[in-house]
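1. Provided below are the primary sequence and the corresponding predicted coordinates.
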Amino acid sequence: MTKKQILITGGAGFIGSNLAATFIKKHGRDIVIVDDFSSGDWKNLIHVDCEVRAADCDDAALLQEIAGGRYEAVYHEAAITDTTVMNQRLMIEVNTNAFAKILEAAHQSETRVIYASSAGTYGNSAAPNAIGVGEDPENIYGFSKLLMDRIASRWYGKHSAPIIGLRYFNVYGCGEHHKNERDGTKTASMILQWYEKAKAGKPLRLFKYGEQMRDFVYIQDVVDANITALTSTQSGVCNVGSGQARAYNDIVDCLGKSLNQNFTPEYFDNPFPFFQMHTEADLSETSRILNWQPQWSLEAGIEDYIQQLETGFRGPQVSV
Ligand SMILES: NC(=O)c1ccc[n+]([C@@H]2O[C@H](COP(=O)([O-])OP(=O)(O)OC[C@H]3O[C@@H](n4cnc5c(N)ncnc54)[C@H](O)[C@@H]3O)[C@@H](O)[C@H]2O)c1
């Protein structure tokens, strides 16, 4: 029997394009990408040989295909990913309502759904962040993702195929250049933003005093967790992080080591009242549901990423 196709919504984006590249080049899978190109970039797909469609992720024809059982699994990565967007209705329509429609369609064919949630669901609750604890988002983006997790959980008992939410923490790696090239806000990881500043001979500017802690997770780990979710037998929400909180100052140190330079950061006041001060993924549910562990430390991930950037490679990368 021929294997069914795998659908990736938001596949022109950072995580979706890395997932597609790995599925195609490493696993020989037949991928369909649907993206509205609102924030993603065609350049991510130049070397990703698959069907690419420009459409909304809740396009009626697409929902019919899902309901009709065309796909082995739906990977839902499409979303408004700029966390500074404040339009509440728009955020819920694009992130939450569209996902609810995908779940309804998937239910008709009992199709597996693996979707992108976010550490934004935890807001500024005390770390380590565990599923079901301190889910108190600080912005409409985090709330839209929390709603997705709640909607998904209502299907668990009724839907025979697994529905798996992956709460990504701060993801960095090849394939995120477009997030620095859009008009207005730059939303690529600080690793890429500061790399570009360093290469331009500009100072690395950090919110005072660079001590805020985040769980930074390398794209290769994120892709690996997604691929593991294709065979997991249970539904649930899982954190996808490195399991370690690190300070923004640590990134500057890692960049300095990888580029063989000494950086003296410039500190300035943080303008964002909703900024998360400390995130750290508790991975116990991830172990239980996915039996998955991250492989990349911040040091190793940044070193690998910088090596790619220094060759001019933009990604996406095939996860090893
Ligand atoms: N990158 C991170 O650190 C991070 C952290 C937590 C969660 N996430 C989540 O992971 C997913 C992927 O994020 P990313 O970093 O790749 O962002 P991205 O902006 O690079 O990718 C999102 C993609 O979705 C597409 N899209 C947006 N709205 C759409 C719609 N209505 N229909 C079809 N396509 C649409 C965009 O054009 C883009 O290609 C998102 O759901 C995001 O919220 C990312």
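-> That came through fine.
2. is it true that Asn291 touches Thr231?
-> No. Using CB atoms under 8 Å, Asn291 makes no contact with Thr231, being 9.8 Å away. The C-beta positions use only the backbone N, C-alpha and C, and glycine is treated the same way.
3. can you give me the strands in the protein?
-> Taking DSSP state E as the test, the strands found in the chain are 5-9, 31-35, 51-54, 71-76, 112-118, 163-168, 170-172, 205-207, 213-214, 216-218, 236-240, 246-247, 266-268.
4. what about the closest residue to Ala119 other than its chain neighbours, how many residues nearby?
-> With CB to CB, 6 or more residues apart in numbering as the criterion, Ala119 has its nearest non-adjacent residue at 4.4 Å, and that residue is Phe169. Close neighbours of Phe169, defined as other CB atoms under 10 Å, add up to 26.
5. show me the contacts for Phe169.
-> Listed by CB atoms under 8 Å, 6 or more residues apart in numbering, the contact set of Phe169 reads Ala119, Arg214, Asp215, Phe216, Val217, Asn239, Val240, Gly241, Ser242, Thr279, Ala281.
6. if I look at it, how far off is Asn87?
-> 25 Å (CB to CB, to the nearest Å).
7. now do Ile24
-> 35 Å.
8. between those two, who's got more neighbours?
-> Ile24 (18 against 11).
9. from what I see, that one and His47 are in contact.
-> No. Distance between Ile24 and His47: 9.5 Å, which falls outside the contact criterion (CB under 8 Å).
10. what does the lowest-mean-pLDDT helix or strand in the chain contact?
-> Lowest mean confidence among the helices and strands of the chain (mean pLDDT, DSSP states H and E): helix 178-181, at a mean of 90. Under the contact criterion CB under 8 Å, 6+ apart, helix 178-181 has outside partners 13-14, 39-41, 43-44, 81, 186-188, 192-193, 196.
11. quick one: which of those has the lowest pLDDT value?
-> Lowest pLDDT among these: Lys186, with 85.
12. grab the nearest non-local neighbour of that residue.
-> Computed as CB to CB, 6+ apart, the closest residue to Lys186 that is not its neighbour in sequence is Asn180, at 4.8 Å.
13. contacting residues for Arg288?
-> Taking CB under 8 Å, 6+ apart as the contact definition, Arg288 lies against Gln234, Gly236.
14. distance check, it against Ser160.
-> 20 Å.
15. just give the number of residues close to the closest residue in space to Asn97 that isn't next to it in sequence.
-> Among residues not flanking Asn97 along the chain, Asp58 sits closest, at 7.4 Å (CB to CB, 6+ apart). Using other CB under 10 Å, Asp58 is surrounded by 19 other residues.
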